[in-house]
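A.B. asks: have a look at this fold, sequence not included:
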């Protein structure tokens with residue numbers, strides 16, 4: 001099974017880019033970008049769009065199947081949603097990405113606070 005981070009790394013290497021170059025274009029820390037490529041974290045949709053843009057490709061090309069990939073029904077649903085979002089106008093995409101990023105940030109903050117309170 002080819003994971004998203006592996007596919008991103010392969011595309012970056014095929015384009016002759018360094019992690020640092022892509023991270024600068026995407027406006028994230030190189031360490032965070034490395035964690036995406038090593039499948040330690042999953043990028044937000046807005047980050048995926050920025051990565052695709054840095055590579056000069058569409059977001060769906062990041063998830064396009066060049067080889068057999070095992071995809072469960074949840075992942076298929078997610079892929080379809082990403083394709084639908086990609087077909088929206090830029091302003092609509094921006095609003096959706098902002099909502100998703102806010103939800104992810106809230107979840108991370110909640111987890112951080114929960115972990116901090118458990119340590120008390």
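C.D. replies: Perfect, I can see it now. Since this is a predicted model, take the numbers as computed values, not measurements. Numbers count the residues shown, from 1 in each chain.
A.B. asks: so how far is the helix or strand of the chain with the lowest mean pLDDT from its chain's centroid?
C.D. replies: None of the helices or strands of the chain scores lower by mean pLDDT, DSSP states H and E than helix 73-86, at a mean of 75. Distance of helix 73-86 from its chain centroid, counting by CA atoms, centre = their mean, to the nearest Å, is 13 Å.
A.B. asks: list phi and psi for the spatially closest residue to residue 51 that is not a sequence neighbour.
C.D. replies: Distance criterion CB to CB, 6 or more residues apart in numbering; nearest residue to residue 51, sequence neighbours excluded, is residue 26 at 5.6 Å. All C-beta atoms are positioned from the backbone trio N, CA, C, and that covers glycine. Torsion angles at residue 26 (phi, psi; degrees, to the nearest 10) stand at phi -90, psi -10.
A.B. asks: helix 73-86 and the longest helix belonging to the chain, what's the angle between them?
C.D. replies: Secondary structure of the chain per DSSP state H: the longest helix is helix 90-118. Counting by axes from the mean of the first three to the mean of the last three CA atoms, to 10 degrees, helix 90-118 lies at 140 degrees to helix 73-86.
A.B. asks: buried residues in helix 90-118, which are they?
C.D. replies: Neighbour counts using 16 or more other CB atoms under 10 Å place 93, 96, 97 of helix 90-118 among the buried residues.
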